[in-house]
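# Mind folding the following:
(chains A and B)
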Protein chains: 2
Amino acid sequence: MLGATRTDTNSLHVTARLNEIGIAVRAKAVVGDSTDDLASILGSALSRSDLIVLTGGLGPTDDDVTRDAVARVLGRPLHEDAAILERLRARFAARGLDMPPLNRRQAMVPENAEVLHNPHGTAPGLWIEHAGHILVLLPGPPGELKPMVDVLIRERLVLRAEGMRLLTRIVRVAGRTESHVEMAAQPLYERWREKSRSIEVTILAAPGTIDLHLTVRVRDVALGAAVLDAAVGDLREVFAEDLYSANGQPMEEVLGGMLREGRHTIAVAESCTGGLLSSRLTDVPGSSVYLDRAVVAYSNEAKIAWLGVGADLIAAHGAVSEPVAEAMAAGIRARADTTIGVAVTGIAGPGGGTPEKPVGTVAIAVEGPWGRSVRTRRFSGHREQVKWHASSAAMDDVRRAILRAGRAG
Amino acid sequence: MLGATRTDTNSLHVTARLNEIGIAVRAKAVVGDSTDDLASILGSALSRSDLIVLTGGLGPTDDDVTRDAVARVLGRPLHEDAAILERLRARFAARGLDMPPLNRRQAMVPENAEVLHNPHGTAPGLWIEHAGHILVLLPGPPGELKPMVDVLIRERLVLRAEGMRLLTRIVRVAGRTESHVEMAAQPLYERWREKSRSIEVTILAAPGTIDLHLTVRVRDVALGAAVLDAAVGDLREVFAEDLYSANGQPMEEVLGGMLREGRHTIAVAESCTGGLLSSRLTDVPGSSVYLDRAVVAYSNEAKIAWLGVGADLIAAHGAVSEPVAEAMAAGIRARADTTIGVAVTGIAGPGGGTPEKPVGTVAIAVEGPWGRSVRTRRFSGHREQVKWHASSAAMDDVRRAILRAGRAG
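Model prediction:
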């Protein structure tokens, strides 16, 4: 039985590594600990795919059914592998322990399976060739799986991928909706097709960003890269400064690179984002070079005492307003003595909304040596979504302010 | 072809809702936009399951293949549904648009399919009964899917679930490793089995927390709840104050409830966590009642000027040290005039480590009316993981300090 709370990251890792060597992943499945269900899915996978990677279910307990399901589907009985058994016993002995009888199960392998060494755990992997298909069984814990995948790719699978490569570019766009991006990119697809460039494009909308994944499958890496570079150039023309990344870099890193390059320092004053903007900026290694400090001024008293926002300003316009956002940006910039100050004030919800200023209303101000700008937006979604959108927009506003200043200067 | 970057949340939502009404989910699959692959997987699912939920692939473009695959597997040809077509046209007309010819595809349905209304998008859902199986086709965008799932559960599926219910408790433990938790809980499983209580237990390790999911499948909800309550009681005895939640509440909410109940206010001084601690605290609606303000003091100057940390203290012990963490906690508490001050200083990496203080070294101090405590930990992982672990540990330290003060008082 499957639960509702576990996201699957192993399959993403395996997919990424296979894609790198040109092996396309056509389907994946998640199955509860039932031999019948796993055997059924495995049978169906064998009818479609040359390579099948199974992860997990190789442990010592009753709910570890992968070996049994594989043996049944391939019609190859399990036998005890003396070498595996020996290694298991040695592994336990090294820690001064007797091997629990349960673990003997982990030495059972289907006939003619090749054992893949697992340096980080008790469950070995298995490599099985069967009627033109390859089955790879790998342990489930990510710390055991990932190094084994790397070895497999390097030592075995790359040789079978027939020299083809999948090349990908991730182009990221801020400040537009998914349908805007789709409509704007549509004419390019046709142009690319006319030039018989077979670029596969997928549009993914994530909070605060719209990503275009461009993929080509080629034998000639230089040619593939040139095709992708030309496509990225076309997109750059269409999206201009809304395109903030052509290599999948997140906004945090793009902005961090710009701050570093322009020898800027930045200080943050946030209210509704509660520290998220500062936290995202500091997700980038080395961000201490440009991020000096941040204040989360949740209460009005904090805005007044720590940022020098006038009590009269708050009384006149409300804490969520463009004048207060501007005063916060100016206040943090002056107090931290940085080149840039950025401020966010808004209503994250679920409470606190009014008809004039509903939940999701956020004012963002940026002040730099070039002057000051402010903008109010209205984000939808629940509290954490509003926080995320607002922090993304604040980073994007700083990015655009630096770009504009660079063009003017 | 499947990409490597997209995690699947729709299936988690559908699984959660089905579990609530006692329907166990045995397998799930993710398939690229290939009619052949989808048909193959669907055929295999039909051999195993009474209910099959398909999401996505109902859009207007060529890569939307769900309708075709279903029609092929069931042997039911597609025909154009006049009512759907009319509704599609009306939807476009309401926005002053002609329906693009492409969208006509969305009116194609297999014979004898019932149409499920989609109030938030153009793609209607479909309900198909076939040889004792139910197939449900739903649109992929989460904003369209989720309300439709809720209606389906309420109006149709709950009637078919034979009165069985899955009841779950999520028990969360802080400050222990997964294997500690497993070993400590092991004897309870046997005790429960002896009393013939069939509780299914899954242990999930997530950063900063180990969760035990206890599930029973029962007809009698009161009896099931009593069985789970007794089991939670047993776990509480074993884990004592390490058990911080018995209903799946995250640490943010647990701590928020304690702060609110104890009429505490809290201010945060963070260095290596960069605002993440404050951001997580403010993820809880209404947190402005207890969170006054936070300072991200990345630079030494910020620690000195804004928190009153002595320059000599930093010179003598280094910015990442217990004395500096204590001074930060005391400084923010005094300046913000809150009942509690919490401070985090550490090395998030990848740079900045030394042999004595390697990357991942984090000192956390808590000061309240009861006094002050400080502790140094060493977390592993990359930058974002260290930040996450450190912010989790800081919340847990505040929680334990309040608990201890409550017992002493």
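# The helix or strand hosting A:L277 vs chain B: in contact?
In this assignment (DSSP states H and E), A:L277 forms part of helix A:276-281. Yes - using Cβ under 8 Å from any Cβ of the partner chain, helix A:276-281 reaches chain B at A:L276, A:L277, A:S278, A:S279, A:L281. The C-beta positions use only the backbone N, C-alpha and C, and glycine is treated the same way.
# Report how many residues lie close to the last one.
Using other Cβ atoms under 10 Å in any protein chain shown, the number of residues around A:L281 comes to 28.
# I'd like the distance from stretch A:398-409 to the chain centre, please.
For stretch A:398-409, the separation from the chain centroid amounts to 28 Å (computed by Cα atoms, centre = their mean, to the nearest Å).
# Quick one: list the elements packing against the helix holding A:L277.
helix A:251-261, strand A:266-270, strand A:291-297, helix A:383-408, helix B:276-281 (3 or more Cβ pairs under 8 Å, 6 or more residues apart in numbering or on different chains; DSSP states H and E).
# so which of the ones you listed comes closest to B:N300?
strand A:291-297 (10.5 Å; Cβ to Cβ).
# State the mean pLDDT of the closest one.
Averaged over strand A:291-297, pLDDT sits at 93.
# is chain B contacted by the helix or strand following that strand?
Using DSSP H and E, the helix or strand that follows strand A:291-297 in sequence is helix A:300-307. Yes - on the criterion Cβ under 8 Å from any Cβ, helix A:300-307 is in touch with chain B at A:E301, A:A302, A:W306.
# Contact partners for whichever residue of the stretch 301-409 of chain A sits closest to chain B?
Nearest to chain B in the stretch 301-409 of chain A, going by Cβ to the nearest Cβ, is A:A302, at a distance of 3.9 Å. A:A302 makes contact with A:V295, A:V296, B:D292, B:R293, B:A336, according to Cβ atoms under 8 Å, 6 or more residues apart in numbering or on different chains.
# how many other residues sit next to the fourth one?
Translated: B:R293. Neighbours of B:R293 using other Cβ under 10 Å come to 25.
# Give me the average confidence score over stretch A:48-57.
89.
# Same check on stretch A:349-356?
The pLDDT scores in stretch A:349-356 average 90.
# buried set for that stretch?
A:G349, A:G352 (16 or more other Cβ atoms under 10 Å in any protein chain shown).
# A:V70 is in contact with A:M108, correct?
No - under the criterion of Cβ atoms under 8 Å, A:M108 makes no contact with A:V70, lying 10.8 Å away.
# Looking only at neighbour counts, state which of the two leads.
Taking other Cβ under 10 Å, A:M108 and A:V70 do not tie; A:V70 has more neighbours (26 against 16).
# so the more buried one sits right up against A:V136, yeah?
No - in this structure A:V70 lies outside contact range of A:V136 using Cβ under 8 Å: 10.6 Å.
# Show me the common contact partners of these two, please.
With Cβ under 8 Å, 6+ apart as the test, A:V70 and A:V136 both reach A:L54, A:L126, A:I128.
# quick one: which of the contacts of A:A302 is most hemmed in?
Neighbour counts for those peak at A:V296, which has 34 neighbours (criterion: other Cβ under 10 Å).
# how about it, what does it touch?
A:270-271, A:274-275, A:278, A:302, B:268, B:275, B:278, B:282, B:291, B:293-296.
# roughly how far apart are it and B:I332?
Separation of A:V296 from B:I332 (Cβ to Cβ, to the nearest Å): 11 Å.
# what sits in contact with each of these two?
B:V268, B:A294, B:V295.
# and A:A29, helix, strand or coil?
Under DSSP: H, G, I helix; E, B strand; the rest coil, A:A29 falls in the strand class.
# same deal with A:L135?
Applying three-state DSSP: A:L135 is strand.
# now swap in the one 10 residues further on and tell me
Assigned by three-state DSSP, the conformation of A:L145 is helix.
# That one contacts A:L137, correct?
No - if you go by Cβ under 8 Å, A:L145 and A:L137 don't touch, sitting 10.8 Å apart.
# thinking again about what came up before, restrict the shared contacts of A:V296 and B:I332 to contacts with chain A.
Intersecting the shared contacts of A:V296 and B:I332 with the contacts of chain A gives B:V268, B:A294, B:V295 (criterion: Cβ under 8 Å from any Cβ).
# Can you pull the phi/psi pair for the residue lying closest to A:T282 once chain neighbours are set aside?
Excluding its sequence neighbours, the residue lying closest to A:T282 (Cβ to Cβ, 6 or more residues apart in numbering or on different chains) is B:G274, at 2.8 Å. Main-chain torsions, B:G274, degrees, to the nearest 10: phi 60, psi 20.
# Now do B:G274 against A:H317, distance only.
B:G274 is 30 Å from A:H317, by Cβ to Cβ.
# So what touches stretch A:74-87?
Applying Cβ under 8 Å, 6+ apart, the external contacts of stretch A:74-87 come out as A:67-68, A:70-71, A:104, A:106-113, A:115, A:124, A:128, A:130, A:135.
# Could you rerun that using 6 Å?
Applying Cβ atoms under 6 Å, 6 or more residues apart in numbering or on different chains, the external contacts of stretch A:74-87 come out as A:A71, A:A107, A:M108, A:V109, A:P110, A:E111, A:P124, A:H130.
# which SSE is the fourth one in?
If I follow you right, that is A:V109. Short version: A:V109 belongs to strand A:108-110, going by DSSP H and E.
# Low-confidence stretches in chain A?
A:1-7, A:161-162, A:197, A:409 (pLDDT under 70).
# rerun that using 50 as the cut-off
The model of chain A has no residue with pLDDT under 50.
# Domains in it, by residue range?
Here the domain parsing of chain A from automatic domain parsing is A:10-160, A:165-245, A:251-408.
# Need the winner for burial among these.
Stretch with highest mean neighbour count among the domains of chain A: domain A:251-408 (a mean of 21; mean count of other Cβ atoms under 10 Å in any protein chain shown).
# ends of that one, how far apart?
With Cα to Cα, to the nearest Å as the measure, domain A:251-408 spans 23 Å from end to end.
# list the helices and strands the helix or strand hosting A:L126 packs on?
In the assignment (DSSP H and E), A:L126 maps to strand A:125-130. Packing contacts for strand A:125-130, counted by 3 or more Cβ pairs under 6 Å, 6 or more residues apart in numbering or on different chains; DSSP states H and E, involve strand A:114-116, strand A:133-138.
# which neighbours does that strand have in its sheet, and in what orientation?
Strand A:125-130 has the following strand partners under DSSP bridges: strand A:114-116 (antiparallel), strand A:133-138 (antiparallel).
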